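Enquirer: A structural model of the following input is requested.
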Amino acid sequence: MLPPKQLYISADEMQKTLKNILWQHQFPKKRAEECATVFTQNSVDGIYTHGINRFPRFVDYVRKGYVIPEAKPTRLHRFGSIEQWHGNLGAGPSNAIFATNRAMKLAQKNGIGCVTLSHTNHWMRGGAYGWQAAKAGFTFIGWTNTTANMPAWGAVNPKLGNNPLVFATPYADEALVLDMAMSQYSFGAMELAVLKNEKLSVVGGYDKAGNLTTEPSLILDSWRSLPIGFWKGAGLSFLLDVLAAILANGLATHQIAQKPAETASSQVFIAIDTSKLANYSSISATIDAIIHDYKQSVPISSQHQISYPGERVLATRLKNSQNGIPVLESVWREVLARRD
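Expert: Numbering: from 1, shown residues only. Okay, here's the model as predicted:
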């Protein structure tokens, strides 16, 4: 079978196209700009599953009323460096940008800031907000709950969300960023593998008969994705949902699962101003030493490169900025079809 046809779209063309489509769907100019930037930058960084590939579904959610273009967060409660906000079903990327900025402002004042969002929408790629905070000089921890899309360990029906978790900290002129779902593969990654007629590199879940498989279509059919670290990933997913729901005073995974689509999520954004720490002047040297030791790892083969979290993103960002963003022709047609 021939591989699907691929186009190369410049970041400027992609952002302009997405922004114009969002304007046509009643997005205020600032929020259209923010969302178009997130979708485009995610794609530049190689996270196509939560960039350009996800955009058509995002517009469909706007059309169905799950995402409200003009909605902004409203603060519900504040105590010290903790704030709870209601997302009012606004666009997930814009709400997350706002919450990250707010957490950084609280951290500047108090050393640490924790902002939570209830009733918000999919933030797309959580790592985007890790990069946002780290590039501004802050250490960041954030997570979101999701609809039920992963079974508890030892179960066959989905009760857990794959609840992505993000850690980030400044490093040199860039950042160290870890962005990971609690499932071995995100559903977006499996959907992309299906589009590209590819198998997963390692087993990612079970088929309907309970067999471990690298066939993404079988996992998507069974809704039995594999938790990272087996029971450990399932336990971490469970606690991330509990903490997101109670800290945000929002919905938990089992409640989101009752909705017609994944919406009204609960999210947590924590920023730490490391300039307030006694060891601030030595942090860079500490990270350098850790990375130097890490890079002494012996690869399992000459083809295997040892990279720290965020390092491969930088290489992909450079390549896609120079050569254009690779987009499946079928995906680009879907994007253009969302124009009114």
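Enquirer: distance of the residue most central in space within the chain from Asn145?
Expert: In the chain, the C-alpha closest to the average C-alpha coordinate belongs to Arg125, at a distance of 2.2 Å (Cα atoms, centre = their mean). As judged by Cβ to Cβ, to the nearest Å, Arg125 and Asn145 stand 16 Å apart. C-beta coordinates here come from the backbone N, C-alpha and C atoms, glycine included.
Enquirer: can you check Thr17 too?
Expert: 31 Å.
Enquirer: now do Ser281
Expert: Ser281 sits at a distance of 38 Å from Asn145 (criterion: Cβ to Cβ).
Enquirer: neighbour-wise, which of these two wins?
Expert: Between Ser281 and Asn145, Asn145 has the larger neighbour count (other Cβ atoms under 10 Å), namely 30 against 9.
Enquirer: got the residue ranges for the helices in the stretch 1-150 of the chain?
Expert: Ranges of helices in the stretch 1-150 of the chain, per DSSP state H, counting those that start in this stretch, are 11-24, 29-44, 55-63, 92-110, 127-135.
Enquirer: mean neighbour count, the ones you listed: which tops it?
Expert: Most buried of these by mean neighbour count (mean count of other Cβ atoms under 10 Å) is helix 127-135; its value is a mean of 24.
Enquirer: hmm, who's touching that helix?
Expert: Residues lying outside helix 127-135 but in contact with it, judged by Cβ atoms under 8 Å, 6 or more residues apart in numbering, are 38, 41-42, 45, 47, 93, 96-97, 99-101, 103-104, 123, 139-140, 142, 166-171, 174-179, 269, 271, 313.
Enquirer: hmm, 7 Å instead?
Expert: Contacts of helix 127-135 from elsewhere in the structure, counted by Cβ atoms under 7 Å, 6 or more residues apart in numbering, are 38, 41-42, 96-97, 100, 104, 140, 142, 166-170, 175, 177, 179, 269, 271.
Enquirer: in PDB, list the C-alpha atoms belonging to that helix.
Expert: The C-alpha coordinates for helix 127-135 follow below in PDB (Å, rounded to 0.1, in the frame of the first residue of the first chain):
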ATOM      1  CA  GLY A 127       3.600  20.800  26.600                       C
ATOM      2  CA  ALA A 128       2.800  24.100  24.900                       C
ATOM      3  CA  TYR A 129       2.100  25.700  28.300                       C
ATOM      4  CA  GLY A 130       5.300  24.100  29.800                       C
ATOM      5  CA  TRP A 131       7.300  25.800  27.000                       C
ATOM      6  CA  GLN A 132       5.400  29.000  27.600                       C
ATOM      7  CA  ALA A 133       6.300  29.100  31.300                       C
ATOM      8  CA  ALA A 134       9.800  27.800  31.000                       C
ATOM      9  CA  LYS A 135      10.700  30.300  28.300                       C
END
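Enquirer: what's the average pLDDT for it?
Expert: Per-residue pLDDT values across helix 127-135 average out to 98.
Enquirer: so can I have CSV of the helices of the stretch 1-150 of the chain showing distance to Arg333?
Expert: Output for the helices of the stretch 1-150 of the chain, formatted as CSV (distance: least, Cβ to Cβ, whole Å):
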stretch, distance to Arg333
helix 11-24, 12
helix 29-44, 16
helix 55-63, 9
helix 92-110, 23
helix 127-135, 25
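Enquirer: which stretch among those comes nearest Ser330?
Expert: Of all the helices of the stretch 1-150 of the chain, the one in closest proximity to Ser330, counting by Cβ to Cβ, is helix 55-63 (10.4 Å).
Enquirer: what is the closest one packed up against?
Expert: Helix 55-63 makes packing contacts with helix 329-336 when contacts are defined by 3 or more Cβ pairs under 7 Å, 6 or more residues apart in numbering; DSSP states H and E.
Enquirer: mind giving me the packing neighbours of the helix it packs on?
Expert: Contact here means 3+ Cβ pairs under 7 Å, 6+ apart; on that basis helix 329-336 packs against strand 6-9, helix 55-63.
Enquirer: as CSV, these with mean pLDDT would be great.
Expert: Formatted as CSV, these follow (pLDDT from 0 to 100):
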stretch, mean pLDDT
strand 6-9, 97
helix 55-63, 98
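Enquirer: dump those into CSV; add distance to Ala234 as well.
Expert: Written out in CSV, the entries for these read as follows (distance: least, Cβ to Cβ, whole Å):
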stretch, distance to Ala234
strand 6-9, 36
helix 55-63, 26
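Enquirer: quick one: closest of these to Lys199.
Expert: Smallest distance to Lys199 across those (Cβ to Cβ): 18.6 Å, for strand 6-9.
Enquirer: report the buried residues of the closest one.
Expert: Ile9 (16 or more other Cβ atoms under 10 Å).
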